[in-house]
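J.: coords below, sequence missing:
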Ligand code: LIP
């Protein structure tokens, strides 16, 4: 079954924009000019900035009343009052991108009253374009084929794989404790360096969970919607100022939601 034709202008625009931006980013893959790092293990390339500038200009032209929040250039002045906010990670997985590791994506999400309503991710290395709109399912177009996404049916922790995202934004001891709890429960763990693609893996049923002690809204706004539209569960990431300050994140399949929430020490929403 093909994806439903969406009449939502923002979804169609978001999908096309993510596809174009991914192609732009991929043109410099493995040879992008490095800029001064934002912090240890927090790299940025000239292409991060070029992609975000291009995406912001396109959104401003097409939806001038909407607000914009991007990883590199921050929030537009109306982010606290606009009905719709576009949330951009121009290259999620920048450390991978800079090192020539083909695990990165462009992530563009749209929230309305702090609820994700539209999202698209483009992983140009694998010709994968993911998208979702609230109530219309999560979809993946890959090498000419489009399929609806569904989370994994695995219901045993000892058969589960959980990605534990990492950064220096939280203490190392807390990260080690998270990984230890997952391993002790019998899960396999991974850390691949792109939170957005980690969420896409949950939505596509490749893994059973994604947990991180702190992640920014631009990394996850689109991926959170992919997971819920694929039948998964998420925490209330945008509560308590998550849009601008970030928050812990947990996204799971349906079958292991409660045990993974206990292991991650992150409560899940009961309405999503
Ligand atoms: C990355 C996130 C990931 C986190 C990394 C980094 P970036 O985003 O997607 O979840 O663990 O430290 O923040 O910086 O590559 O856009």
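T.: Arrived safely, thanks for sending. Please read these numbers as outputs of a predicted model, since none were measured by experiment.

J.: any idea of the mean pLDDT for stretch 38-58?
T.: The predicted model gives stretch 38-58 an average pLDDT of 94.

J.: buried sites along that stretch?
T.: Of the residues in stretch 38-58, those with enough neighbours to count as buried (16 or more other C-beta atoms under 10 Å) are 43-45, 47-52, 54-56, 58. Placement of C-beta: from N, CA and C, glycine included.

J.: Over to stretch 192-211?
T.: Taking 16+ other C-beta under 10 Å as the neighbour-count basis, stretch 192-211 is seen to contain the buried residues 192-205, 207-211.

J.: what's the average pLDDT for it?
T.: Averaged over stretch 192-211, pLDDT sits at 99.

J.: just stretch 133-153 next, same as before
T.: Averaging pLDDT residue by residue across stretch 133-153 gives 97.

J.: any idea how far that stretch is from the chain center?
T.: Here stretch 133-153 is found 15 Å from its chain centre; the criterion is C-alpha atoms, centre = their mean, to the nearest Å.

J.: cool, and stretch 92-101?
T.: Between the mean C-alpha point of stretch 92-101 and the mean C-alpha point of its chain there is a distance of 15 Å (C-alpha atoms, centre = their mean).

J.: Which residues belonging to it are considered buried?
T.: Neighbour-count burial for stretch 92-101 [16+ other C-beta under 10 Å]: 92, 93, 94, 95, 96, 97, 98, 101.

J.: That stretch - what's its average pLDDT?
T.: Averaged across stretch 92-101, pLDDT comes to 96.

J.: what domains does the record give for this protein?
T.: Listed domain ranges for the chain are 5-148, 157-264 (source: automatic domain parsing).

J.: out of these, which comes closest to residue 270?
T.: Nearest to residue 270 among the domains of the chain is domain 157-264; the distance by C-beta to C-beta comes to 8.9 Å.

J.: picking that back up, so which of the buried residues of stretch 92-101 sit within helices?
T.: In this view, these that belong to helices under DSSP state H are 94, 95, 96, 97, 98.

J.: Just give the nearest non-adjacent residue to the residue of the stretch 1-150 of the chain found nearest the ligand, would you?
T.: With distances taken as C-beta to the nearest ligand atom, the stretch 1-150 of the chain approaches the ligand most closely at residue 94, which sits 3.9 Å away. The spatially closest residue to residue 94, leaving aside those adjacent along the chain, is residue 43, at 5.2 Å (C-beta to C-beta, 6 or more residues apart in numbering).

J.: isn't there a strand covering that neighbour?
T.: Yes - checked against DSSP: H, G, I helix; E, B strand; the rest coil, residue 43 lies within a strand.
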